[in-house]
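J.: Here is my input, please return the structure:
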Amino acid sequence: MRNVSWMNVTVFAGLLFSAGPSLADGAPPRTAQGSAPTPADRDFLVRALGVNQTEILLGRMASKRGTTPEVRAMGDKMVQRHTELAQQLGELAQIDPAAEPPTLTADQQKTVARLAATSESEFDRSFKDTVDAGHVDELAMYREEVRRSSDPRLSALAAVRVAALERAVASARPAANVPARKADW
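T.: Below is the predicted model:
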């Protein structure tokens, strides 16, 4: 009887420790590894990777062309955070972002080209406006995915992204004192 109790404790402890790191660090619970995303989740992931790639390109542009330290730092931060997000999205989509770079839509390509053509004196303002408008659209996209996704890992990632985007949108509006406009993506 005593041996059975220790065996139960050992099994329970093993289960607890195997789930511990993912639960402790706030990561979404693990599900069946290698399970392919549903077609709807796959479509979302491809769209999200395109939006994310656009943000990386805009961040790189700001790092190089920004006229203020604030904009250059914002660009650096965008590149870092969106590179990390690309890795997470790629894992869920079972795509290696380095091997298979996301394709930008025509609107995303226009956004990047429009910002690239902006004069030096207008770049910082244009960059901030573009990013702020993009965050509004991205927020709507991720909110919908939280409601719709059948993959708990994707739902958890989308929920974290919604919270971050809500903070970004809230902090951008008072600073601009202008209602958000529709982005080109």
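
J.: Might you list the low-confidence residue ranges for the chain?
T.: Scanning the chain for pLDDT under 70 picks out 1-34, 97-98, 173-185.

J.: Spatially central residue for it, please.
T.: Leu85 (4.5 Å; Cα atoms, centre = their mean).

J.: wait, isn't that one in contact with Val160?
T.: No. Applying Cβ atoms under 8 Å, one finds Leu85 not in contact with Val160, separated by 9.7 Å. For every residue, glycine as well, the C-beta is placed using N, CA and C.

J.: Now do the longest helix seen in the chain: which elements does it pack against?
T.: In the chain, with assignment by DSSP state H, the single longest helix is helix 120-148. In terms of contacts (3 or more Cβ pairs under 8 Å, 6 or more residues apart in numbering; DSSP states H and E), helix 120-148 is packed against helix 39-65, helix 69-93, helix 106-116, helix 152-176.

J.: Need the winner for burial among those.
T.: helix 39-65 (a mean of 20; mean count of other Cβ atoms under 10 Å).

J.: That helix to helix 69-93, inter-axis angle?
T.: Taking axes from the mean of the first three to the mean of the last three Cα atoms, to 10 degrees, one finds that helix 39-65 is oriented at 160 degrees with respect to helix 69-93.

J.: Pipe the helices and strands packed on helix 120-148 into TSV and attach distance to Met141 per row.
T.: Below are the helices and strands packed on helix 120-148 laid out as TSV (distance: least, Cβ to Cβ, whole Å):
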stretch	distance to Met141
helix 39-65	7
helix 69-93	12
helix 106-116	13
helix 152-176	9
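
J.: Of all those, which one is nearest Glu122?
T.: helix 106-116 (9.8 Å; Cβ to Cβ).
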